[in-house]
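1. Have a look at this prediction, sequence included:
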Amino acid sequence: MTSNLNHAYNERACSPGAFYFLIGAMKTIKSLINWIIIALVFLLPLFFLPTTLEFYIFNKQTLLLGVTGILLILWMLDLLLKKELRFKTTSLDLPIIIFALAYVLATIFASPNKVEALMESTSVGTVLILTVLYFVITNNFERKNLSLWLHSYIFSAGLLGLIAIYQFLGLGEAFTSTLWMKNRLFTPAGGPLILASYLAVGLILAIILFLRKFNREEWLPSLWYFIPSIFIALGLGFTVYQILPGKETSLVFLPYRDSWAVAIESFKQNPLFGVGPGNYLSAFNRFRPITYNAYEFWNFRLGEASNFPLQILTVGGLVTLAAYLFLLLKVALPWVKRYRAEKKNDLQLALLVGLLALFVVQLLLPINLLILASTFFFLAFLNLDLTQERQFPLRAKTLNLILLGIVAGLTLASFYLWGRVYAADFYFRKSLNALEQNQGIQVYNHQIQAIAFNPYLPLYRRAYAQTNFALANSIASKGELSDQDRTNITQLIQQAIREAKAATALNQIDAANWENLSQIYRNLINFAQGADQWAIAAYQQAIFTDPLNPRIRVNFGGLLYALGNFEAAARQFQNAVDLKPDYANGYYNLSAAYRERKMYQEAYQAMQIVVNLIPADSPDYQTANDELSELAKKLPAEATAAAQPAAEEKEEVLVPPEPLPSPAIKPPIELPEESGPEVPEQTEGETTPEVSPTPTP
């Protein structure tokens, strides 16, 4: 760097005073960039703020974006001071750019909601940020600081391990009044599985460096790695123990075979780009196999694949998966050859094994922000020795100034847009806090602010729709209604419908949006004319977007039952139990539909299955048994048989079909025709699948 400045000075580019000022400024900027990177590595796993809907990962994304933007501006400022355009390249530059570009193309061509894709923690927005950060590191980080970076990574993991020990021993529960910090699985990392994966990588780094120092009898340096490794190992052990299968705190994630099935079906729909980044949940709803309904967690909707390659294939298609495999290939071959030749560099060994551990974690577990960010960190630091500096034949100060202006403009624009996203989430969190305190007007106002800052998130729209309807229902329940009350109710209901429809428009293949809209319409039956047909249309679309979900079938059947269409209701209830043969609530509702049709033999048989499915000590068992006895009275004696309780330990909740809401407004309000659902046209070959009857137990 000094030789470059001497050259500039000899060409009278600056005065002697300015020359020494430039030296100091450039050294300061370079040092600042290095220390910010080290601090980022330490803080990222620990950083969280209880100010947004999700405390942990969303705030880590914010930190990552903010720090990367600052680093990028500092880098451009450094180039401006040098008055030369220099850029360091590595063998991984092209694979990383291709990987990021593949995510961008998949978002453009496949994602139904681009904003959701940008906000997802392991999707296109984060990949772009990490790509920029990779180039900042390879062009500015000094290899002499690499040991400090590794210390930062290991000490951060050690602190997370210490917090995990503290929580496991119950100290957090004993010494804090904050509800969410009382949880023994609380961790700043964002979740126990995220913590376990991060600690596993940190433990490998700490052990490798400890053994290398210990074997050379470097006692004091070895302690720097031994002490954190104890905290990391204990924290990892306690965390894994708590999430093992069979524990009350065990975790649920998609089995590999089901994740493979989702990936293959998504690949069939769009081989090149999949279902689009940020859209895995919709793919899970549409393509999971029917065997998923046999699991205890069948009612969970899972938004992540079992591992990163299957996640990539599902949301990014063959193009993104090929880019990922190309990156792996470019990482593996040169470094295996190089390490065989050298074999004695502690830092290179730690980085290489750590990177291998990260790829193994990606192959075994669902991807998360910390593992994805760590992968880009390791790729950048592992290639510091392989950088080749290229100096472009341009020395114009104006060009660097323009470059700085463009980068600063893009960075500030990103800050502004993400600031709006963050503000929206901040106000949505405030609305939930107000809801807990039963402050309806505050809930309403904060949700308006959230949507104003970020109108592209269906979650906000769904919540606001429910709030509008709740306020309308509150006014309608007063009894005597004035003309102004009727006007307010009409406006609130129209807003509820508009927001629920807006959610479906933002992502038409998200089942949660259609379920929300169908529930709004169902609640409007007897309030507004035509709401019954709108509810039916919305439920049909919900089934199309989540065809194997027995719960939606039961809810739809409940609507048809309430409308008096018992035959159609029975078909939906039968579909539900065909999808899940041990679904007690499905059989319970099926029995009710048969009873209304005076098909007492079928009603009795369905209720027998209910009694056999629920445990004898369940609060619902006596209810089901009483109804079975009542049905038995309507049958000949020889047609009845004693029902024996099954040896089933899980508790089922029996929910009968709900009646329609009472007509609280007379006469019912009239809504415009456009209040009905806008059902998207199904492409050729796409139909709502019917399930074939399966033998009942």
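-> Looks like it arrived, so ask away.

2. What is the burial count for residue 605?
-> 18 (other Cβ atoms under 10 Å). For the C-beta atoms, the positions are set from N, CA and C on the backbone; glycine is no exception.

3. Please determine how far it is located from residue 612.
-> The gap separating residue 605 from residue 612 is 11 Å, by Cβ to Cβ, to the nearest Å.

4. same check, this time on residue 565
-> Counting by Cβ to Cβ, the separation of residue 565 from residue 612 is 28 Å.

5. And residue 66, by the same measure?
-> From residue 66 over to residue 612 (counting by Cβ to Cβ), the distance is 58 Å.

6. same deal with residue 202?
-> 50 Å.

7. Look at the two and report which has more neighbours.
-> Comparing residue 202 with residue 612 by other Cβ under 10 Å, the one with more neighbours is residue 202, at 29 against 18.

8. and the more buried one, that one's in a strand?
-> No. Residue state for residue 202 (DSSP: H, G, I helix; E, B strand; the rest coil) corresponds to helix; a strand is not indicated.

9. got the buried residues for the top helix by length along the chain?
-> Using DSSP state H, we find that the single longest helix of the chain is helix 397-436. The neighbour-count criterion (16 or more other Cβ atoms under 10 Å) identifies 399-400, 404, 407, 411, 414, 418, 421-431, 434-435 as the buried residues of helix 397-436.

10. What segments of the stretch 451-600 of the chain are helices?
-> Ranges of helices within the stretch 451-600 of the chain are 458-476, 483-506, 511-524, 531-545, 550-562, 566-579, 584-596, 600-613, based on DSSP state H, counting those that start in this stretch.

11. Only C-alpha atoms, please: export stretch 474-487 in CSV.
-> In CSV, the C-alpha atoms belonging to stretch 474-487 read as follows (Å, rounded to 0.1, in the frame of the first residue of the first chain):
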residue,chain,number,x,y,z
SER,A,474,-68.2,-6.3,18.9
ILE,A,475,-70.3,-3.5,17.6
ALA,A,476,-73.0,-5.9,16.3
SER,A,477,-73.3,-7.6,19.7
LYS,A,478,-74.5,-4.3,21.3
GLY,A,479,-78.2,-5.1,20.5
GLU,A,480,-79.9,-1.9,19.3
LEU,A,481,-77.9,-0.6,16.3
SER,A,482,-78.0,2.9,15.0
ASP,A,483,-77.6,3.8,11.4
GLN,A,484,-74.0,4.9,12.2
ASP,A,485,-73.4,1.5,13.8
ARG,A,486,-74.6,-0.3,10.7
THR,A,487,-72.4,1.9,8.5
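
12. Show the low-confidence segments of the stretch 201-350 of the chain, by residue range.
-> For the stretch 201-350 of the chain, the stretches flagged by pLDDT under 70 are 334-344.

13. can you check the stretch 1-150 of the chain too?
-> In the stretch 1-150 of the chain (pLDDT under 70), the answer is 1-26.

14. quick one: the strands in it?
-> In the stretch 1-150 of the chain, the strands defined using DSSP state E, counting those that start in this stretch lie at 86-89.

15. Helices of that one, start to end?
-> Counting by DSSP H, counting those that start in this stretch, the helices of the stretch 1-150 of the chain are 2-10, 16-43, 57-82, 93-110, 114-119, 124-140, 146-168.

16. Any chance of those in TSV with mean neighbour count and distance to residue 530 as columns?
-> Formatted as TSV, these follow (neighbours: other Cβ atoms under 10 Å; distance: least, Cβ to Cβ, whole Å):
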stretch	mean neighbour count	distance to residue 530
helix 2-10	13	75
helix 16-43	16	55
helix 57-82	20	40
helix 93-110	20	35
helix 114-119	20	31
helix 124-140	22	40
helix 146-168	21	53
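
17. Tell me which of those sits nearest to residue 194.
-> Across the helices of the stretch 1-150 of the chain, residue 194 has its closest neighbour in helix 57-82 (8.0 Å, Cβ to Cβ).

18. Just list what the closest one packs against, helices and strands only.
-> Secondary-structure packing of helix 57-82 (3 or more Cβ pairs under 8 Å, 6 or more residues apart in numbering; DSSP states H and E): helix 16-43, helix 124-140, helix 369-382, helix 397-436.

19. my read: residue 363 touches residue 306, true?
-> No. Assessed by Cβ atoms under 8 Å, residue 363 is found out of contact with residue 306, at 9.6 Å.

20. Same drill for those two, tell me which one is more crowded.
-> Using other Cβ under 10 Å as the criterion, residue 363 and residue 306 rank with residue 306 on top: 22 against 12.

21. Now do the contacts for the more buried one.
-> 253-256, 258-260, 365-366 (Cβ atoms under 8 Å, 6 or more residues apart in numbering).

22. so which of those residues comes closest to residue 557?
-> residue 258 (25.8 Å).

23. Export the helix or strand containing that closest one to CSV, keeping only CA atoms.
-> Element membership of residue 258, judged by DSSP states H and E, is helix 256-269. As requested, the backbone C-alpha atoms of helix 256-269 are provided in CSV (Å, rounded to 0.1, in the frame of the first residue of the first chain):
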residue,chain,number,x,y,z
TYR,A,256,-36.0,-37.2,4.8
ARG,A,257,-38.3,-39.4,2.6
ASP,A,258,-41.1,-36.9,2.9
SER,A,259,-38.8,-34.0,2.1
TRP,A,260,-37.5,-36.0,-0.9
ALA,A,261,-41.1,-36.5,-2.1
VAL,A,262,-41.8,-32.8,-1.8
ALA,A,263,-38.7,-32.0,-3.8
ILE,A,264,-39.4,-34.4,-6.6
GLU,A,265,-43.0,-33.2,-7.0
SER,A,266,-41.8,-29.6,-7.0
PHE,A,267,-39.2,-30.6,-9.6
LYS,A,268,-41.9,-32.0,-11.8
GLN,A,269,-43.9,-28.8,-11.6
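
24. Mind listing what's buried along that helix?
-> 258-263, 265-267, 269.

25. circling back: export the helices and strands packed on helix 57-82 as CSV, with columns for distance to residue 319.
-> Below are those laid out as CSV (distance: least, Cβ to Cβ, whole Å):
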stretch, distance to residue 319
helix 16-43, 30
helix 124-140, 13
helix 369-382, 19
helix 397-436, 25
